[in-house]
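1. sequence first, then the predicted structure, then my questions.
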Amino acid sequence: MQVILTQEVLGLGDPGDVVEVKDGYGRNYLLPQGIAMLASDKNVAALEAERKRIAAAQASEAERVRGEAAQLEGVQVTVAARAGETGKLYGSITNMDLAAALAEMGHDIDRRRILLETPIKQLGEYQVDIKLHPQVVVQIAVTVEAQLDEEQLAKAAAEAAAAAEAEEAGEEAIDETAADDDDAAEAAEDTEEPAAEDEAAEPESDDQD
């Protein structure tokens, strides 16, 4: 059956859209809830007359949603997943996974608003659109990185510790070199001062006729 949506229905359409739905879904849910009306000739004609009002209502709602969009603008989401040597994931990253990652960051987004055309199956960086409103779409950056097992985590921790020790040792060597230079400079100054005093104390010789 065909119905005219009076509200946005995620995954189905926006207000004013004429869509095809199953009879049970339309008669048992959409129509009773006032989310849609039957796409009769009369209602379709009425819809055309209502389009300006619907557009104005949509624009007002879009303005409200833009505040939420501003908070998501530039957000970077990192998801860890198990992958093979070629970077191919053993499973896949879906919009449900991205919604969970966003929720951990404090952004409660319905997974159906995350426009992921196909699940992500490869390590890498991706740009994903989020449809907060028919007129408001924001893009986020998604990085899928390899999930390390316990052995790899231990190895990475050891390498990080070794790098930190090397950096600390390098800083200590620089400090010691600087201290040696200071000592050498002081010793040179001490050597120069007595020589200058000796020259000042040497008596002048009298000229004898």
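-> Looks like it came in fine. Numbers count the residues shown, from 1 in each chain.
2. run through the chain and note the low-pLDDT ranges.
-> Along the chain, the model assigns pLDDT under 70 to residues 149-157, 173, 175-209.
3. recalculate using a threshold of 90.
-> 6-11, 13-17, 39-75, 84-85, 106, 108-109, 112-113, 116-117, 130-138, 147-209 (pLDDT under 90).
4. ranges for the helices of it?
-> Per DSSP state H, the chain carries helices over the ranges 23-25, 41-72, 95-104, 150-201.
5. show me what contacts the closest residue to Asp129 other than its chain neighbours?
-> When the adjacent residues along the chain are set aside, Asp129 lies closest to Leu115, with 4.3 Å between them (CB to CB, 6 or more residues apart in numbering). Just so you know, the C-beta spots here come from the backbone N, C-alpha and C atoms, and that holds for glycine as well. Contact analysis of Leu115 by CB atoms under 8 Å, 6 or more residues apart in numbering lists Asn95, Val128, Asp129, Ile130, Lys131, Val137.
6. which one of those residues sits closest to Gly87?
-> Minimum distance to Gly87 across these is 18.3 Å, recorded for Val128 (CB to CB).
7. how many other residues sit next to the closest one?
-> If you count neighbours by other CB atoms under 10 Å, Val128 ends up with 18.
8. got it, and the one 10 residues further on?
-> When neighbours are counted by other CB under 10 Å, Val138 registers 22.
9. any idea what it is bridged to?
-> Following DSSP bridges, Val138 is listed with bridge partners Ile130.
10. is it true that it touches Ala69?
-> Yes. Between Val138 and Ala69 there is a contact under CB atoms under 8 Å: 4.5 Å.
11. ok, back up a step: now, which of the contacts of Leu115 sits nearest Leu102?
-> Taking CB to CB as the measure, Leu102 sits nearest to Ile130 out of these, at 8.5 Å.
12. wait, doesn't the closest one sit right on Val142?
-> No. Between Ile130 and Val142 there is no contact under CB under 8 Å: 10.7 Å.
13. and the furthest pair within the contacts of Leu115?
-> Asn95 and Val137 (14.4 Å).
14. what about those two, which has more around it?
-> For Asn95 versus Val137, neighbours defined as other CB under 10 Å are more numerous around Asn95 (20 against 13).
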